[in-house]
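J.: here is a sequence with its predicted model. Questions after.
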Amino acid sequence: MRAQAPRIVEVVPGSPGETAGLQPGDEILTVNGITPRDVIDYQVLIDDANPTVELRRGDFEVTVGLSKWAGEPVGVTLASSLFDRLRTCDNKCEFCFIYQLPGGMRDTLYLKDDDYRLSFLYGNFTTLTRMKEDDFARVVEQRLSPLFVSIHSTDPDLRARILHNKKGATSLVWLERLLEAGIEVHGQVVCCPGINNGPQLDVTCAGVLERFPELATLGVVPLGVSRFNKEPAMRPHAPEEMDQDVDRVERWQEVFLDRLGRRLVFASDEFYLGARRPFPPSDHYDGFPQLENGIGMGRALEDDLLDLGSGSFRGIEGAPAEGYRTSPGGTACRGDGTGPRSQPTVVLTGELGARVVGPMLDGSDVTVVPVRNEFFGGNIGVTGLLTGSDVERALRDGPARARYVLPDVCLSDGRFLDDRTPADVAAATLRRLHVVPTTAESLRTLVAEAPG
């Protein structure tokens, strides 16, 4: 059932959309007489030459003909990606971070999705437990590739136990069919100590080799445990467990390399940091296919510092930025209205991020300060989960006359997870706080601008 009509929120000046008279606030009812279910359908339909769009504008319905070439961008951004109902997740994974959130946060943070369309659009991981035959047919017909699948285990009984869903024992059949149809799929294992790590990780890798050799990659990431965790079986890895699991991943890389000609499985940066091991060489990441999943970010950042590279996301016109692709939207914030550039530069980052960035800036005039995540607590040390309260504490503990720099990875639409903004934090602490892109180029600029 249709839940809402897609609403236009932005029209690019000079675009075919503006020329045709499309306006922010217009709701798209049909394109070429067809009602799109989501931004994917919309893209397919609007890609035609000279499409016809039926709109709702206030109390009126109007029909607009666009003059454009096939494939030419219309130049509009929509308010949402899905126009029908979101496929919510019916699994009850004990390790799910949504269950480890405190109360009182914004509603969208508690929404669990298991929608293959968001997997395609934004790289969200889906378990495939809600996939149906018509979903599979659509993926194949529209070539919705790549997709991202939470595997966790290839042992049917263990996977059903991990997901707390009996469908978990059988839903990987969809993965087999997707791969047979030529859909590119990247997998993930969230390693829970004593459950699916250790020997069970060997079972999973063996299962991938036997059943899913066409899988593009398999990322292995450690369990994150916040102080709000209520599941006694969920605990952080011990360093020696991380070391052993990295050994397992690297042994399987050699097996996959020998049998398939590629490494296929990769351990996340958190594993290497937790095991106190150096990151592998760049060529061991096979092009960094799971960079956005925290696999190879440290090595890639170091490489970029030596030789700045570039990259871009595959995009669908009209799709709003959502999830981790939401625009960070940060700028310079001055809590006291002052701040000459001669003041010392301090980079604030998560505890794990500091162990990556710190050595890269060693010997420069930039100071790196690890910020403990007291908001979530537990073993949460990644920069992306820092909150405004964590940053405020770090600013209050630091010198007043300094230029503080924060990577934009901890912001979504210009806000921290606790709904505060950098401007809020700067005003509360009377500190100068600058938000910068999480890139090697930003690091180079910081070093160049730091007073010597």
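T.: Noted; the coordinates are in hand. Numbers count the residues shown, from 1 in each chain.
J.: who are the neighbours in contact with Val12?
T.: Neighbouring residues of Val12 by CB atoms under 8 Å, 6 or more residues apart in numbering: 18, 73, 75-76. The C-beta positions use only the backbone N, C-alpha and C, and glycine is treated the same way.
J.: so which two of these are the farthest from each other?
T.: Farthest pair in those (CB to CB) is Glu18 and Pro73. Separation: 11.7 Å.
J.: please indicate which of the contacts of Val12 are buried?
T.: 73, 75-76 (16 or more other CB atoms under 10 Å).
J.: now, which of the residues you listed sits nearest Gln142?
T.: Nearest to Gln142 among the buried ones among the contacts of Val12 is Pro73, at 18.7 Å by CB to CB.
J.: that's a helix at the closest one, yeah?
T.: No. Counting by DSSP: H, G, I helix; E, B strand; the rest coil, Pro73 is not part of a helix but coil.
J.: quick revisit: turn the buried ones among the contacts of Val12 into CSV, columns for pLDDT.
T.: Formatted as CSV, the buried ones among the contacts of Val12 follow (pLDDT from 0 to 100):
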residue, pLDDT
Pro73, 94
Gly75, 95
Val76, 94
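J.: measure Ala160 to Thr170 for me?
T.: Ala160 sits 8 Å away from Thr170 when distances are taken as CB to CB, to the nearest Å.
J.: more neighbours: those two, which one.
T.: Between Ala160 and Thr170, counting by other CB atoms under 10 Å, Ala160 is the more crowded of the two (19 against 13).
J.: show the contacting residues for that one.
T.: Shown in contact with Ala160 (CB under 8 Å, 6+ apart): 166-169.
J.: wait, doesn't Tyr404 sit right on Val436?
T.: No. Contact criterion CB atoms under 8 Å: Tyr404 and Val436 do not qualify, at 10.7 Å.
J.: and the strands in this protein?
T.: Shown for the chain, the strands assigned by DSSP state E span residues 8-11, 27-31, 52-57, 60-65, 76-78, 147-150, 185-191, 217-222, 265-267, 332-334, 345-350, 366-371, 403-407, 432-436.
J.: of all the ones you listed, which one is nearest Ala423?
T.: Short answer: strand 332-334, nearest of these by CB to CB, at 4.6 Å.
J.: do me a favour and average the pLDDT over that closest one.
T.: Per-residue pLDDT over strand 332-334 has a mean of 56.
J.: Arg372 and Leu352: what is the separation?
T.: The value you get for Arg372 to Leu352, if CB to CB is used, is 11 Å.
J.: the two - which one has more neighbours?
T.: Leu352 (21 against 14).
J.: burial count for the closest residue to the more buried one other than its chain neighbours?
T.: Spatial nearest neighbour of Leu352, chain neighbours left out: Gly381 (4.1 Å); criterion: CB to CB, 6 or more residues apart in numbering. Around Gly381 there are 23 other residues, counting by other CB under 10 Å.
J.: got phi/psi on Gly381?
T.: Note on Gly381: backbone dihedrals following degrees, to the nearest 10 are phi -130, psi 0.
J.: now do the contacts for it.
T.: So Gly381 contacts 270, 350-353, 373 (CB under 8 Å, 6+ apart).
J.: Glu250 versus that one, what's the distance?
T.: Gly381 is 23 Å from Glu250, by CB to CB.
J.: gap between the spatially closest residue to Tyr116 that is not a sequence neighbour and Phe288?
T.: Nearest non-adjacent residue to Tyr116, counting by CB to CB, 6+ apart: Thr126, 5.3 Å away. Distance of Thr126 to Phe288, given as CB to CB: 22 Å.
J.: and the protein, split by domain according to the record?
T.: 8-78, 97-306, 326-449 (automatic domain parsing).
J.: so which of these gets nearest Asn91?
T.: It's domain 97-306; of those, that one is closest to Asn91 (CB to CB) at 4.2 Å.
J.: and that closest one, average pLDDT?
T.: So the average pLDDT for domain 97-306 ends up being 95.
J.: returning to what we had before: okay if I get the domains of the chain as a markdown table plus distance to Arg85?
T.: As requested, the domains of the chain are exported to a markdown table (distance: least, CB to CB, whole Å):
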| stretch | distance to Arg85 |
| --- | --- |
| domain 8-78 | 10 |
| domain 97-306 | 9 |
| domain 326-449 | 22 |
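J.: can you map out the helices along the protein?
T.: Remark: helices assigned in the chain by DSSP state H are 16-19, 39-46, 116-122, 133-142, 156-163, 172-180, 199-211, 239-260, 269-274, 297-306, 351-360, 388-397, 422-429, 440-449.
J.: and the buried ones among the contacts of Val12, which is closest to Gly358?
T.: Pro73 (42.0 Å).
J.: do you know how far Phe256 is from Ile28?
T.: Separation of Phe256 from Ile28 (CB to CB) stands at 45 Å.
J.: which one of these two is surrounded by more residues?
T.: The residue with more neighbours, out of Phe256 and Ile28, is Ile28; 24 against 19, by other CB under 10 Å.
J.: that one bridge partners, please.
T.: Bridge pairing for Ile28 (DSSP bridges) gives the partners Leu55.
J.: wait, what's in contact with it?
T.: Applying CB under 8 Å, 6+ apart to Ile28 gives the contacts 5-8, 36, 42, 53-55, 78.
J.: per-residue pLDDT, it?
T.: At Ile28, the pLDDT value in this model is 96.
J.: can you check Gly58 too?
T.: Gly58 is assigned 92 on the pLDDT scale.
J.: skip the chain neighbours and tell me the closest residue to it.
T.: Gly25 (7.9 Å).
J.: torsion angles phi and psi at that neighbour?
T.: Dihedral angles (degrees, to the nearest 10) for Gly25: phi 100, psi -20.
J.: quick revisit: got a winner among the contacts of Ala160 for most neighbours?
T.: The most crowded member of these, judged by other CB under 10 Å, is Gly168 (24 neighbours).
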